[in-house]
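[1] Here you go, sequence then predicted model.
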Amino acid sequence: MILDDTVWTYLDEHEKDDVRRFALHAKLPWAVAGGDAADQEDAVQSYPNLTWVLQQISGRQTAEHKLPAWAHTPHLLYPPRVPMEQCSSQEAADYKAQIVRELATELTSEFLGEPTNETTNEPVDEPSQPFTFADLTGGFGVDCAAIAAHASHAFYVEQNPELTAIVRHNYEQLGLAHTVEIHNTDAREFLAIMPAVDVIMLDPARRDSHGNRTYALQDCEPNVLNLVDTLAQKGHFVLLKLSPMLDWHKTVADLAPFTRDVHIVSVKGECKELLLVLDMHRTSSDYQRAHFERLLCVDLPEVRYDAHAQGQMEIHEGRSEGESHVHHGASSQTQPSSPCIFVVRDGAAVNAPAQVMKQGENLEGKVLWEPNASVMKAGCFAAFSQAFGVEAIGENSHLFIGNTPEIITTIPAKGFEIEKVSGLGKRELKELTAGLTHANIAVRNAPFTPATLSKKLKLKDGSDITIFATTNAAGEHVLIRAKRIS
């Protein structure tokens, strides 16, 4: 296929166009000056067709918000819709790169010994070390690119030839061609013959041969459970990317004793990925009922493109059963606001019930905390309650009450100042909604839907006010009117 200045200029001119409207009237300017008609026809057939052009324009528009640094890199190619939807966002890819960099630094420390300050004899921070890496399910190559940018050598493996060709082209544009070795083959076949590396990444396909979604680990392709022995021979660590729909407790148990860290990752408030760090050098003697060392609930904000930004994200570990950290940093060419990482070290605290508040307390004027998507998925409500000194409204409400709005800067939750609380009586509801025409509706452990409750209260969507419907510890259904704390 010919990709010359004519093609790139045409894509640049139309990258903001409405794809559907553009498809109706597009006129591709491919032509050859001079020559006979047969030569012209052969040349035109070597240029991209309209389907390809539409794919590139659509991909550029998706990349603008999903992969902003890529969107601002000229002459990149984009795959069809499904691989584009399935690839990691830039925020999530950068986070995985930071995980791998920290694993590489850990391996170097194990080999050389932990560096110390000669004066104080205390550990000192060292920049992450070069490492070798293999992505056995490369896809569109976003994760591999983010990680390989810091590696001494990397392998990209993908069985789809079209995706492999696109990635080969893009890695040339991204300056990764000398670092990344590209293989168009099956993950299992390459794993059997590849040299040992420091870190292996796998993102098993979550659709069966008929295109239906699968959620159980053993139903994904490749089946990681069947590859454990070979993975242990080929890598020290494995970074496993899975669907957040999986039962992470069962997955950790299935992969025991290798699972060391569990990362539940949300981007812009939506739970996107379940990441497991497997230490393939662990043995059955390392097995504990807690199964893992750390559970990390991660909330990543949207990144903004900045060609001059430098730096990195950092993972700060809690020293108690649960601890939260908001930290500043940036991935290359992006400038995010502060990600929030809540770390739970005590495995027993993950499944323990949260502290429930005493009944009869006046809630007006207090702060209601709604945990973020990663904490909700993790279910670590006891650790959350203990770490921030908050109490649950009810055993299964997953809404918490506290007195101090100042923790808004560290707590992995949205904060709301409670204005009114009511039952379901007509007079109470009238008082609850006095002066309101609009409000957001949230239902937690109550026999309503947001739509039916909104209709009952005669409120339209949208406001800084939220009406929470839930059940308290006494089994009573209550409505809480609260204003968002910014």
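    Received it, and whenever you're ready, just let me know what you need.

[2] Kindly state the domain boundaries assigned to the protein.
    Residue ranges for the domains of the chain, per automatic domain parsing: 5-66, 88-346, 352-484.

[3] what ranges do the strands span in the stretch 201-350 of the chain?
    Secondary structure of the stretch 201-350 of the chain (DSSP state E, counting those that start in this stretch): strands at 235-242, 259-267, 270-279, 294-300, 303-305, 322-326, 334-336, 340-344.

[4] Now do the first one against strand 259-267, angle only.
    Between strand 235-242 and strand 259-267, the angle comes out at 40 degrees (axes from the mean of the first three to the mean of the last three C-alpha atoms, to 10 degrees).

[5] thinking again about what came up before, do you know which of the domains of the chain lies nearest residue 81?
    domain 5-66 (7.0 Å; C-beta to C-beta). C-beta: built from backbone N, CA, C; applies to glycine.

[6] Out of the domains of the chain, name the one with the poorest average pLDDT.
    Mean pLDDT is lowest for domain 88-346 among the domains of the chain, at a mean of 82.

[7] Can you give me the buried ones in the helix ranked longest in the chain?
    Longest helix of the chain, by residue count under DSSP state H: helix 90-112. Residues of helix 90-112 classed as buried by neighbour count (16 or more other C-beta atoms under 10 Å): 90-101, 103-108.

[8] cool, stretch 161-178 as well?
    The neighbour-count check on stretch 161-178 (16+ other C-beta under 10 Å) flags 163, 164, 165, 166, 167, 168, 170, 171, 174, 176 as buried.

[9] Give me the subset of those residues lying in helices.
    Those of the buried residues of stretch 161-178 lying in helices (DSSP H): 163, 164, 165, 166, 167, 168, 170, 171.

[10] doesn't residue 182 make contact with the fifth one?
    Yes. Residue 167 is within contact range of residue 182, at 6.5 Å (criterion: C-beta atoms under 8 Å).

[11] joint contacts of these two?
    Each of residue 156 lies in contact with both residue 167 and residue 182 under the rule C-beta atoms under 8 Å, 6 or more residues apart in numbering.

[12] related to what we said a few turns ago, can you tell me which of the strands of the stretch 201-350 of the chain comes nearest to residue 385?
    Between the strands of the stretch 201-350 of the chain, strand 322-326 lies closest to residue 385; by C-beta to C-beta that is 8.4 Å.

[13] circling back to that earlier point, dump the strands of the stretch 201-350 of the chain to JSON lines, plus mean neighbour count and distance to residue 352.
    Converted to JSON lines, these look like this (neighbours: other C-beta atoms under 10 Å; distance: least, C-beta to C-beta, whole Å):
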{"stretch": "strand 235-242", "mean neighbour count": "23", "distance to residue 352": "24"}
{"stretch": "strand 259-267", "mean neighbour count": "24", "distance to residue 352": "16"}
{"stretch": "strand 270-279", "mean neighbour count": "21", "distance to residue 352": "21"}
{"stretch": "strand 294-300", "mean neighbour count": "25", "distance to residue 352": "13"}
{"stretch": "strand 303-305", "mean neighbour count": "17", "distance to residue 352": "35"}
{"stretch": "strand 322-326", "mean neighbour count": "20", "distance to residue 352": "11"}
{"stretch": "strand 334-336", "mean neighbour count": "19", "distance to residue 352": "33"}
{"stretch": "strand 340-344", "mean neighbour count": "26", "distance to residue 352": "11"}
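
[14] Save the ones you listed as TSV, and put in distance to residue 80 too.
    Shown next, in TSV, are the strands of the stretch 201-350 of the chain (distance: least, C-beta to C-beta, whole Å):
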stretch	distance to residue 80
strand 235-242	21
strand 259-267	22
strand 270-279	21
strand 294-300	26
strand 303-305	24
strand 322-326	38
strand 334-336	25
strand 340-344	34
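
[15] what's the closest of the ones you listed to residue 4?
    strand 303-305 (26.9 Å).

[16] Do I have it right that residue 83 meets residue 140?
    Yes. Counting by C-beta under 8 Å, residue 140 is a contact partner of residue 83 at 5.0 Å.

[17] Between these two, which has more neighbouring residues?
    residue 140 (26 against 19; other C-beta atoms under 10 Å).

[18] was I right about the more buried one contacting residue 169?
    No. Between residue 140 and residue 169 there is no contact, the gap being 11.9 Å when judged by C-beta under 8 Å.

[19] Would you state the helices of the stretch 351-486 of the chain in chain order?
    373-378, 381-388, 426-432, 450-457 (DSSP state H, counting those that start in this stretch).

[20] Count the residues that sit near the nearest residue to residue 351 once chain neighbours are set aside.
    By the measure of C-beta to C-beta, 6 or more residues apart in numbering, the closest residue to residue 351 outside its immediate chain neighbours is residue 379, 7.1 Å from it. When neighbours are counted by other C-beta under 10 Å, residue 379 registers 18.

[21] Then residue 68?
    Neighbours of residue 68 (other C-beta under 10 Å): 21.

[22] what's the spacing between it and residue 61?
    Counting by C-beta to C-beta, to the nearest Å, the separation of residue 68 from residue 61 is 12 Å.

[23] so what's residue 196 up against?
    Neighbouring residues of residue 196 by C-beta under 8 Å, 6+ apart: 233, 234, 235.

[24] quick one: which of these is nearest to residue 193?
    residue 234 (9.8 Å).

[25] Report the separation between the closest residue to residue 448 other than its chain neighbours and residue 181.
    What sits nearest to residue 448 in space, not counting adjacent residues and going by C-beta to C-beta, 6+ apart, is residue 469, at 5.3 Å. Counting by C-beta to C-beta, the gap from residue 469 to residue 181 is 55 Å.

[26] Am I right that the residue nearest to residue 351 is in contact with residue 354?
    No. If you go by C-beta under 8 Å, residue 379 and residue 354 don't touch, sitting 10.0 Å apart.

[27] Run the chain-centre distance for stretch 364-380.
    19 Å (C-alpha atoms, centre = their mean, to the nearest Å).

[28] Quick check: end-to-end length of that stretch?
    Start-to-end span of stretch 364-380 (C-alpha to C-alpha, to the nearest Å) is 26 Å.

[29] buried sites along that stretch?
    When burial is assessed from 16+ other C-beta under 10 Å, stretch 364-380 yields the following buried residues: 366-380.

[30] What residues does the nearest residue to residue 204 once chain neighbours are set aside make contact with?
    The shortest distance from residue 204 to any residue other than its chain neighbours is 3.5 Å, reached at residue 220 (C-beta to C-beta, 6+ apart). By C-beta under 8 Å, 6+ apart, the contact set of residue 220 is 204, 205, 206, 214, 242.
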